[in-house]
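Asker: coords below, sequence missing:
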């Protein structure tokens, strides 16, 4: 029982990271029907920005994560402006290939600048080093931090998407771009805003992972990026609650397969789930196929 | 109020509109009728800015809007109810209506217009918290029209509001269009249901494979043998 609860706890931490990344995938997909493979690279850049902020500028966790989010926002918007906007009327496959190209460019470009070696985040100080024991469970402050930061960001996201003017514009564009234009919504700036939010969340996830696993490298985005993508598909691509649900689900699958089965199969099981979802319910758990009404 | 001069639109190499010109005067209901594929929807989409013409110009109240984005045309007083209603399915009725007023900042005016829309379409008030995607076809059409009215348009462009609706509902929708027009909104109505459209319109244009082949008073066209034969199912 104790081990089970400990695993639940671990899966919440990993699931939070996946959920944060998956949100970016799903929002961008919702608005321009693009699987933005460069998203995982933004997450990696977030981890590095956090690393540099902490190591070279001696900043604490909170300023570092804020800086990472701000810079990732700018990077995300730039990627959209430079790489995707000129292809707005191109075929979807052209944009998809471009996204893969951008992701390669960023990952190997980063490798050129910071070298391929693994770096470790500076050790946490002060209250961030504390651990708590609850029965037979051990909870680290980092785990609490991950959960709290994730919840706070999701609440903010929910608020923005539900109630603000730009949030309504985002939902309108993702549901019907032409109709949104006819309402007078500026589609281009709405798309930029969506990239901005998604990238900020990815930046936050990067720093959280750095703090949690303590090691980063230029290709660290590849596998988590794919898994977060699976999470988004699992929940129903284009749906915000679906990404959160998918993130925690994939996190749990991974932790439990590793904990009770064989950690060698961890990744295989996640991708087997992707295949199963695509066969059984391609629209995802929360998605429904739409039909026209008369 | 609205003037279209020599509009040419291409889809790739196919010329969808061959130099069409038409005119809608203030306070009128003008209808553009024609068979499937004649270019009716293309005309409206070009007028509202979703499509770019190759040549020709679009004037709204004397202002050349040909190069403006749809957003700027909304600001100039144009509102387009697209074919197939195109309500935002996963938003509530109220949110759909609010989006209609997206460019407006006058909170009180928006509230006022919301009340007007609810008065015109009481069913929308009853369903204001429901997702638009769960409405029936007729209700969605009412929502689409109500949403378009929320921008306080001077000209309302309607694309086949009768499409897919039961005859009784079609009658109701046309009555509504008439009352909207009587309240001071100019209407350009695209319809396949020529009979109904000609009954409420003051003037009409007939579109055939991208060209305007006939135009005139709606009453005259309603009597015309040619029209009866081609569009009204008469012999």
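Answerer: Ah, there it is. Computed from a predicted structure; not experimentally measured. Numbering: from 1, shown residues only, chains lettered A, B, ... in the order given.
Asker: which residues are in contact with residue 27?
Answerer: No chain in the question, so chain A it is. A:170, A:174, A:194, A:197, A:198, A:240, A:243 (CB atoms under 8 Å, 6 or more residues apart in numbering or on different chains). Heads up, the C-betas are built off the backbone N, CA and C, glycines and all.
Asker: my bad, the chain I had in mind was chain B
Answerer: Applying CB under 8 Å, 6+ apart, the residues contacting residue B:27 are B:181, B:184, B:186.
Asker: and those, which is closest to chain A?
Answerer: Chain A has its nearest neighbour among the contacts of residue B:27 in residue B:186, at 17.3 Å by CB to the nearest CB.
Asker: let me see the backbone angles for the closest one.
Answerer: Main-chain dihedrals, residue B:186, degrees, to the nearest 10: phi -70, psi 140.
Asker: from memory it sits against residue B:24, does it?
Answerer: Yes: contact criterion CB atoms under 8 Å: residue B:186 and residue B:24 qualify, at 5.9 Å.
Asker: double-check that residue B:230 belongs to a helix.
Answerer: Yes: under DSSP: H, G, I helix; E, B strand; the rest coil, residue B:230 sits within a helix.
Asker: what pLDDT is listed against it?
Answerer: pLDDT for residue B:230: 75.
Asker: could you report the neighbour count for it?
Answerer: Using other CB atoms under 10 Å in any protein chain shown, the number of residues around residue B:230 comes to 18.
Asker: how near is it to chain A?
Answerer: Here the distance between residue B:230 and chain A works out to 26 Å (CB to the nearest CB, to the nearest Å).
Asker: gap between that residue and residue B:34?
Answerer: Applying CB to CB, to the nearest Å, one obtains 9 Å for the distance of residue B:230 from residue B:34.
Asker: quick revisit: for the contacts of residue B:27, which single residue is the most surrounded?
Answerer: Of all those, residue B:186 has the most neighbours under the rule other CB under 10 Å, reaching 21 neighbours.
Asker: residue contacts, that residue?
Answerer: B:1, B:2, B:24, B:25, B:26, B:27, B:28, B:29, B:154, B:155, B:156.
Asker: let's go with 10 Å and repeat that
Answerer: The neighbours of residue B:186, taking CB atoms under 10 Å, 6 or more residues apart in numbering or on different chains as the test, are B:1-2, B:24-30, B:77, B:153-157, B:180.
Asker: gap between the closest residue to it other than its chain neighbours and residue A:227?
Answerer: Nearest residue to residue B:186, sequence neighbours excluded (CB to CB, 6 or more residues apart in numbering or on different chains): residue B:155, at 4.8 Å. According to CB to CB, residue B:155 stands 51 Å off from residue A:227.
Asker: the more surrounded of these two?
Answerer: Neighbours per residue (other CB under 10 Å) separate residue B:155 from residue A:227, with residue A:227 holding more: 28 against 23.
Asker: touching chain B at all, the helix or strand hosting the more buried one?
Answerer: With elements taken from DSSP states H and E, the one containing residue A:227 is helix A:222-235. No: using CB under 10 Å from any CB of the partner chain as the criterion, no contacts between helix A:222-235 and chain B are found, and the smallest distance is 15.1 Å.
Asker: gap between that helix and the chain center?
Answerer: With CA atoms, centre = their mean, to the nearest Å as the basis, helix A:222-235 stands 8 Å off its chain's centre.
Asker: same check, this time on stretch B:66-77
Answerer: 16 Å.
Asker: can you show me the helices along the stretch 51-200 of chain A?
Answerer: According to DSSP state H, counting those that start in this stretch, the stretch 51-200 of chain A carries its helices in the segments A:61-79, A:92-114, A:141-163, A:165-175, A:177-182, A:187-213.
Asker: which SS class is the residue nearest to the spatial centre of chain B?
Answerer: Within chain B, the residue whose C-alpha comes closest to the C-alpha centroid is residue B:158; the distance, by CA atoms, centre = their mean, is 1.2 Å. Residue B:158 falls in the strand class when you classify it by three-state DSSP.
Asker: hey, which of the helices of the stretch 51-200 of chain A is tucked in deepest?
Answerer: helix A:187-213 (a mean of 25; mean count of other CB atoms under 10 Å in any protein chain shown).
Asker: what about that one, near chain B?
Answerer: Yes: Helix A:187-213 lies in contact with chain B when judged by CB under 10 Å from any CB; the contacting residues are A:187, A:188.
Asker: what is the mean pLDDT for the helix or strand that that helix is followed by?
Answerer: Per DSSP H and E, helix A:187-213 leads on to strand A:215-216 as the next helix or strand towards the C-terminus. Taken as a whole, strand A:215-216 carries a mean pLDDT of 94.
Asker: who does strand A:215-216 pair with, and is each partner parallel or antiparallel?
Answerer: The partner list of strand A:215-216 in its sheet, established with DSSP bridges, is strand A:119-120 (antiparallel).
Asker: is chain B within reach of the strand or helix carrying residue A:241?
Answerer: Residue A:241 belongs to helix A:240-260 when elements are defined using DSSP H and E. No: applying CB under 10 Å from any CB, one finds helix A:240-260 out of contact with chain B, separated by at least 11.0 Å.
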